[in-house]
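K.L.:
Here is the input, now give the coordinates:
(2 chains)
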2 protein chains.
Amino acid sequence: MSIRIGIYGYGNLGRGVECAVKQSADMELAAVFTRRDPSTVKTLTGVQAVKADEISQWKDKLDVVIICGGSATDLPVQTPMLAEMFNVIDSFDTHARIPEHYAKVDEAAKKGGKVGIISVGWDPGMFSVMRLYGSAVLSNGSDYTFWGKGVSQGHSDAIRRVEGVKDAKQYTVPVDSAVEAVRSGSNPEFTTRQKHTRECFVVAEEGADLARIESEIVNMPNYFSDYDTTVHFISEEELKRDHSGLPHGGFVIRTGTTGLNNENKHVIEYSLKLDSNPEFTASVLTAYARAAVRMNSEGASGCKTVFDVPPAYISAESGEYLRAHLL
Amino acid sequence: MSIRIGIYGYGNLGRGVECAVKQSADMELAAVFTRRDPSTVKTLTGVQAVKADEISQWKDKLDVVIICGGSATDLPVQTPMLAEMFNVIDSFDTHARIPEHYAKVDEAAKKGGKVGIISVGWDPGMFSVMRLYGSAVLSNGSDYTFWGKGVSQGHSDAIRRVEGVKDAKQYTVPVDSAVEAVRSGSNPEFTTRQKHTRECFVVAEEGADLARIESEIVNMPNYFSDYDTTVHFISEEELKRDHSGLPHGGFVIRTGTTGLNNENKHVIEYSLKLDSNPEFTASVLTAYARAAVRMNSEGASGCKTVFDVPPAYISAESGEYLRAHLL
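P.N.:
Numbering: from 1, shown residues only, chains lettered A, B, ... in the order given. Coordinates of the predicted model:
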């Protein structure tokens, strides 16, 4: 029997989940839930759009809901609310607030007898799993996470709020020499500035003061002032032609030593090169939707993270198949 | 309370486990079990050596036994035998015989109410987990495993059996252009010869026919005839000076596409660079020993693999700590 999926929130991430479900033979997409007027929403695959606040009427028609809202204001409300009624998955990515979100979702999911898997995606998500495996296996070592080259939506938005800026894209770029130093196993310590640079492509309003815009960007606290930032002014056509995608990626590197006197060095490296950040995140969410359904069918309830999910549970294949073919 | 570890079999791998346990604050090594006369065995850390056939007297003194025998003849007998009495971990690596080994260990471990985790290490082991995560997350894709550059003990042994060979070391080397083709996402198909080359460093007996030795090596079925193999004759001193380590490593690469029309490409890459193959394998075994004890204390029994173990279970840290610091 197919796993019946609901998508709650239909932006870039929701559309990515729609595509990922289409690739999954063991799943079917039941409906997309939206805060917009459903009659104005045309889905990619033709699946029906339903008003978000009618989702409680779907209690017996969905095995799991993949929540595709934002971490700032949507997920802190939506995930606990929906976890009482459904098995849920979200991509909550405000690292500092994960313990608080976990506690709320855990309470709701236990109350409803459901499983909620939070902070699924690539960071948090696959990168977190790699940090965990690396630190457990090479306990005497250090880990390093580099992001990019890729588009940071939060930083692009911050630039767009500068007066005189019409549009912008910001790329986070890992510093090659820093990555190489880590790979060498030399256990370097870095300042924020030494690990990543920030590259901005900005379309200015006609007649705007470019020098002032550049200065406001590179000196912006939290977002740019701790980094070496480059600003390129380009035309609207160039932005559209060369910077319309949402690529991203990065590296998790663990280095450590073994042996009676730590005489042997080891390097574990995991890297992602993604053409589409939201579509890859959506693919991870969709795989973990399987795990939520399976864990709940075995009697589990409460909040889980990628750390709690046995790898086999995210696969559509049987244990026998996996042991024979992938082990 | 510390996890009490027994090591069964005291060669390179057993010594690696001894070092890994020493690095683990939550573990203590109780004893090393050996088929040799224990009075002749001097352990690295001074822990006692005990006759292997006395292990049944240790039933209440060990939480888990890490079995460090060979896959050809030791583990098929030892792991089922010990799994009836103890939680056990092994590194069984004969891929084709894993289903059979699993069935035997499962029966024994269930009978004894214990957990046996088999085929732990890096391949099978961490590489298997990476193949699983990759295939589940990018379901429309292909995966590729490359080994090396590293010493293959089986191939080195095969060369040593050639008449006129005094000693030898064989390196498995991934073909750079093949790795690059995979990374590009072009989904290449390879013959065995196109993925890896084999490089042999051979010490010949005095007066031996070098041309015959070389020919016997490069034409040896199963081991070398399907590969481009290079043979270097060197002196005993050179072998000792330049080739005494057991480095290894490799890559697992998954490439795949997402999007309504598979328009976006993604590359996931996991790589290992290991100074010491046995010590890294030992570190993985030791981390999974934690998981065996924890799963068993929660009521689980039977045979498990790395696919069945939640990542958090191999860490010494609590769920709260992991969520706050690694997620």
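K.L.:
so what pLDDT did A:Leu326 get?
P.N.:
For A:Leu326, the pLDDT comes out at 96.
K.L.:
Likewise for A:Thr192?
P.N.:
For A:Thr192, pLDDT reads 93.
K.L.:
In contact with the residue lying closest to it once chain neighbours are set aside, which residues?
P.N.:
Distances taken as Cβ to Cβ, 6 or more residues apart in numbering or on different chains place A:Asp226 nearest to A:Thr192, at 4.5 Å, with adjacent residues excluded. All C-beta spots, glycine's among them, are computed from the backbone N, C-alpha and C. The contact partners of A:Asp226, taken as Cβ atoms under 8 Å, 6 or more residues apart in numbering or on different chains, are A:191-193.
K.L.:
top of those residues by neighbour count?
P.N.:
A:Arg193 (13 neighbours; other Cβ atoms under 10 Å in any protein chain shown).
K.L.:
Can you report phi and psi for it?
P.N.:
phi -60, psi -30 (degrees, to the nearest 10).
K.L.:
so it makes contact with A:Ser225?
P.N.:
No: counting by Cβ atoms under 8 Å, A:Arg193 does not reach A:Ser225; the two are 9.8 Å apart.
K.L.:
Give the burial count for A:Glu269, as a bare number.
P.N.:
A:Glu269 has 21 nearby residues by other Cβ under 10 Å.
K.L.:
Residues in a beta bridge with it, which ones?
P.N.:
A:Ile253, B:Ser271 (DSSP bridges).
K.L.:
Determine how far the lowest-mean-pLDDT helix or strand in chain A lies from the middle of the whole chain.
P.N.:
The helix or strand of chain A with the poorest confidence is helix A:153-160; it has a mean of 93 (mean pLDDT, DSSP states H and E). Distance of helix A:153-160 from the chain centroid (Cα atoms, centre = their mean, to the nearest Å) equals 17 Å.
K.L.:
which residues sit against it?
P.N.:
A:165, A:167-170, A:172, A:198, A:200, A:202, A:217, A:220, A:223-224, A:246.
K.L.:
any chance you could map the helices in the stretch 151-300 of chain A?
P.N.:
A:153-160, A:176-183, A:192-195, A:210-218, A:236-242, A:277-297 (DSSP state H, counting those that start in this stretch).
K.L.:
still on that earlier bit, for the contacts of A:Asp226, please prepare a markdown table with the additional fields distance to A:Asp242.
P.N.:
Below are these laid out as a markdown table (distance: Cβ to Cβ, whole Å):
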| residue | distance to A:Asp242 |
| --- | --- |
| A:Thr191 | 31 |
| A:Thr192 | 27 |
| A:Arg193 | 26 |
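K.L.:
Now do the closest residue to A:Gln194 other than its chain neighbours, the pLDDT please.
P.N.:
For A:Gln194, ignoring the flanking residues on the chain, the nearest one in space by Cβ to Cβ, 6+ apart is A:Ala178 at 5.6 Å. Per-residue pLDDT puts A:Ala178 at 96.
K.L.:
Would you confirm that A:Ala178 contacts A:Lys195?
P.N.:
Yes: A:Ala178 is in contact with A:Lys195 according to Cβ under 8 Å; the separation is 5.3 Å.
K.L.:
what is in contact with these two at once?
P.N.:
What both A:Ala178 and A:Lys195 touch, as defined by Cβ under 8 Å, 6+ apart, is the set A:Phe146.
K.L.:
quick one: which of these two has more around it?
P.N.:
Applying other Cβ under 10 Å to A:Ala178 and A:Lys195 shows that A:Lys195 carries more neighbours, namely 19 against 16.
K.L.:
give me every residue that touches that one.
P.N.:
A:146, A:174-175, A:178.
K.L.:
just A:Gln170 next, same as before
P.N.:
If you count contacts by Cβ under 8 Å, 6+ apart, A:Gln170 has them with A:151-152, A:155-156, A:158-159, A:198-201.
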